[in-house]
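Visitor: one predicted model, sequence on top.
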Amino acid sequence: MNTLEVVRGGYGLCQLTAPRFLAGRVPGAPLTPGAVVVIRILGARQIVQMLATVCVHSTWVRRLSGGVDLLHALSMVGVGLVSNKHRRAATADAAVATLFAVSEFCA
């Protein structure tokens, strides 16, 4: 297991089990119950991606994982463009997803 997988797994576990911990560090709108559910779903996705890259040692799995991260980053840019209320959180999440994508493509 490499550093990227450890960081992704920890980040996903934090999102899944304590969604307010990281999200509460970004100034902006308070978290709604719906946002907490979405954060937990995204945390589960991070864990699935980590398990996939750990269990299947393949370049195409890393590229697929990076592609999922890139699509997520683009979707968060879209949210940030249309929602003043969620702009900061979406921008922060887009930045994290972009870092994960770049890390996957460079691994």
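Guide: Arrived safely.
Visitor: any idea how far residue 38 is from residue 87?
Guide: 16 Å (C-beta to C-beta, to the nearest Å). All C-beta atoms are positioned from the backbone trio N, CA, C, and that covers glycine.
Visitor: in three-state terms, label the most centrally placed residue in the chain for me.
Guide: Central residue of the chain (C-alpha atoms, centre = their mean): residue 97, 5.0 Å from the mean position. When classified by DSSP: H, G, I helix; E, B strand; the rest coil, residue 97 comes out as helix.
Visitor: helix or strand next in line after the helix or strand of the chain with the lowest mean pLDDT, which one?
Guide: Across the helices and strands of the chain, mean pLDDT, DSSP states H and E gives its lowest value to helix 19-23, namely a mean of 84. Downstream of helix 19-23, the next assigned helix or strand under DSSP states H and E is helix 33-55.
Visitor: what's that following helix in contact with?
Guide: 1, 4-5, 8-9, 11-17, 19-20, 23, 31, 61-62, 64-65, 68-69, 72, 104 (C-beta atoms under 8 Å, 6 or more residues apart in numbering).
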